[in-house]
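Novice: Take a look and give me a structure for this.
(chains A and B)
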Amino acid sequence: MSETLIVEYGAGNTHSVRAAFARIGETTRLSADPEEILSAAYVVLPGVGSARAAMTHLNATGAADALRARFAAGRPILGICLGLQLALEISEEDGGVETLALLPGRVVRLTEGRVPRLGWAMVEPWGEAFYFAHSFVAQSPHVSATSDGVTAAVSHGSFTGVQFHPEKSGPTGERWLASCRSLV
Amino acid sequence: MPFPRVIPCLDVTGGRVVKGVSFKELRDVGDPVELAAAYSDGGADELVFLDITATLEGARTMVDVVRDVADALTIPFTVGGGIRSTADAARLIEAGADRVSINSAAIARPELITEIAELFGSQAVVVAIDAGGGRVHSHGGTSEVGRDVVEWASEAVRRGAGEILLTSIEQDGRRSGYDLTLTSAVRSAVAVPVIASGGAGSAQHVADALRVTDAALVASIVHDDPRQLPALRRDIEAAGVALRPLGKEAP
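Specialist: Residues are numbered from 1 along each chain as shown, chains lettered A, B, ... in the order given. Below you'll find the model as predicted:
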């Protein structure tokens, strides 16, 4: 049976992501082991916490290099929220943090509207509302969906990243996760 | 901008959702997981769980409730009540809460706001303010602390709060509408979202609040009955406030 590996990097809320996969019938395992990250059928880089703390953790455990190798080998990775932001080259957060550089792009502070940007917002061109909770946002040439003019999703090679939280976006989010997972 | 949010609030003690006219007369309303799922199905945008026990055993029970809710619920939820330290906040967030709401403990020690924000991000920290006569009250609104509400809200945000939950003590339970003047004053002073709370008696009141701020807490207006929520949403939309589309039905 194929299993979904959730990358462990010491950040808070992995419970919700695991619960969401459980609801769509997927077993998950939490791990930072480089070998397992390379070989798992599906890898999710979840996202709550700070970019610097996350990168320190990912570098120390070897998970960062494993994620780069996995991406280079064309094996699927899903990044959620901070997990999307970590896939780019650099984040403005915490005075500047070098991130995984799986794909080109940077992470900047939101300047429009209320920050943090909290709540349900339309994602285009998908025409459905998802739940967002973020103060920073990705800028990348590989944007595949937007919300109120900011990046909602990026897609490049075997990496898919979303700024919203599919695990918190009701039945819409659940369907999105299931379809994303079933493509593998 | 994200859609304005309608947020049902559930009071929890001893692992059950309760309804209290006064603290002495608590009525059992139901199981937190079942009620949370029903509110979610009814179109709640988020939920707030308020632990009204605030004893040590109560806090442990709350962690169990949070874990069970997080397993079942597909929308975000905030947990408040009795959070006094980063360890308290961490236990709830690790159990699956998206955000924690702090009130008296933040007044007593404002550094707590920054500590939780640094660990989990500003979006995880809600500072709840109980306002009476424009002044901040602590300990469930019973004690005036001699601070101006707008000034305290600004400080809380400077210290890392990602959202303000503003309750009008005067309006609470009166069903004559939210305190829109105070809500607008706080919202003008801060750059984070503000949740209005206290005083909703009709869908029109909720719609009026959502025209001036980002979210509204609802409790007694749905009579602690999730089945009332779809009608409330329809009436809010009929009053001219667009809420999020609830998504296509699964085929």
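Novice: ok, residue A:74 - how many residues close by?
Specialist: By other C-beta atoms under 10 Å in any protein chain shown, the residues close to residue A:74 number 9. From N, CA and C alone the C-beta is placed, and that goes for glycine too.
Novice: For the stretch 101-250 of chain B, which residues are neighbours of chain A?
Specialist: Residues of the stretch 101-250 of chain B lying near chain A by C-beta under 8 Å from any C-beta of the partner chain: B:118-124, B:162-163, B:191-193, B:214-215, B:244-248, B:250.
Novice: out of those, which are buried?
Specialist: Taking 16 or more other C-beta atoms under 10 Å in any protein chain shown as the criterion, what is buried in these is B:118-124, B:162-163, B:192-193, B:214-215, B:244, B:246-247.
Novice: Looking at these, which is nearest residue A:51?
Specialist: Distance to residue A:51 across these (C-beta to C-beta) is lowest for residue B:121, with 10.2 Å.
Novice: where does that closest one land on pLDDT?
Specialist: Predicted confidence (pLDDT) for residue B:121: 89.
Novice: Residue B:222 too?
Specialist: Residue B:222 is given a pLDDT of 81.
Novice: for the one 4 residues further on, same thing?
Specialist: Among the per-residue scores, residue B:226 holds a pLDDT of 90.
Novice: residue in chain B nearest to chain A?
Specialist: Distances between chain B and chain A by C-beta to the nearest C-beta are smallest at residue B:2, namely 3.2 Å.
Novice: Give the closest residue to that residue in space, chain neighbours not counted.
Specialist: Spatial nearest neighbour of residue B:2, excluding adjacent residues (C-beta to C-beta, 6 or more residues apart in numbering or on different chains): residue A:119 at 3.2 Å.
Novice: name the element the one you found belongs to?
Specialist: Under the criterion of DSSP states H and E, residue A:119 resides in strand A:117-123.
Novice: Parallel or antiparallel, which strands does the helix or strand that that strand is followed by pair with?
Specialist: Reading on from strand A:117-123 to the C-terminus, the next helix or strand found by DSSP H and E is strand A:128-134. Sheet pairing here is set by DSSP bridges, and for strand A:128-134 it gives strand A:117-123 (antiparallel).
Novice: what separates the partner strand from the chain centre, distance-wise?
Specialist: Distance of strand A:117-123 from its chain centroid, counting by C-alpha atoms, centre = their mean, to the nearest Å, is 16 Å.
Novice: CA atoms only for that strand, dumped as CSV, please.
Specialist: In CSV, the C-alpha atoms belonging to strand A:117-123 read as follows (Å, rounded to 0.1, in the frame of the first residue of the first chain):
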residue,chain,number,x,y,z
ARG,A,117,-5.0,37.6,5.5
LEU,A,118,-7.5,35.3,7.3
GLY,A,119,-10.6,33.6,5.9
TRP,A,120,-12.2,32.1,2.8
ALA,A,121,-11.4,33.6,-0.5
MET,A,122,-12.1,32.7,-4.1
VAL,A,123,-9.3,30.9,-6.0
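Novice: Whichever residue of chain A sits closest to chain B: what's it in contact with?
Specialist: Per C-beta to the nearest C-beta, residue A:119 is where chain A lies closest to chain B, at 3.2 Å. Residue A:119 makes contact with A:131, A:132, B:2, B:3, B:4, B:5, B:45, B:193, B:214, B:215, B:244 under the criterion C-beta atoms under 8 Å, 6 or more residues apart in numbering or on different chains.
Novice: got the buried residues for the longest helix anywhere in chain B?
Specialist: The longest helix of chain B (DSSP state H) is helix B:56-72. Buried residues in helix B:56-72, counting neighbours by 16+ other C-beta under 10 Å, are found at B:58, B:59, B:61, B:62, B:63, B:65, B:66, B:67, B:68, B:69, B:70, B:71.
Novice: any chance of the residues you listed in a markdown table, plus distance to residue B:38?
Specialist: Listed next are these as a markdown table, based on distance: C-beta to C-beta, whole Å:
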| residue | distance to residue B:38 |
| --- | --- |
| B:58 | 24 |
| B:59 | 25 |
| B:61 | 21 |
| B:62 | 20 |
| B:63 | 22 |
| B:65 | 16 |
| B:66 | 18 |
| B:67 | 19 |
| B:68 | 15 |
| B:69 | 12 |
| B:70 | 16 |
| B:71 | 16 |
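Novice: Of the residues you listed, which are in range of chain A?
Specialist: With C-beta under 8 Å from any C-beta as the criterion, these include B:67, B:70, B:71 near chain A.
Novice: I figured the second one hits residue A:18, correct?
Specialist: No - because the distance of 9.6 Å does not satisfy C-beta atoms under 8 Å, residue B:70 is recorded as not touching residue A:18.
Novice: What number of residues are in the vicinity of residue B:1?
Specialist: Neighbour tally, residue B:1, other C-beta under 10 Å: 12.
Novice: Who does the residue nearest the centre of chain B form a beta bridge with?
Specialist: Nearest to the geometric centre of chain B sits residue B:48, at 4.6 Å (C-alpha atoms, centre = their mean). Here residue B:48 sits in beta bridges with residue B:9, residue B:78, going by DSSP bridges.
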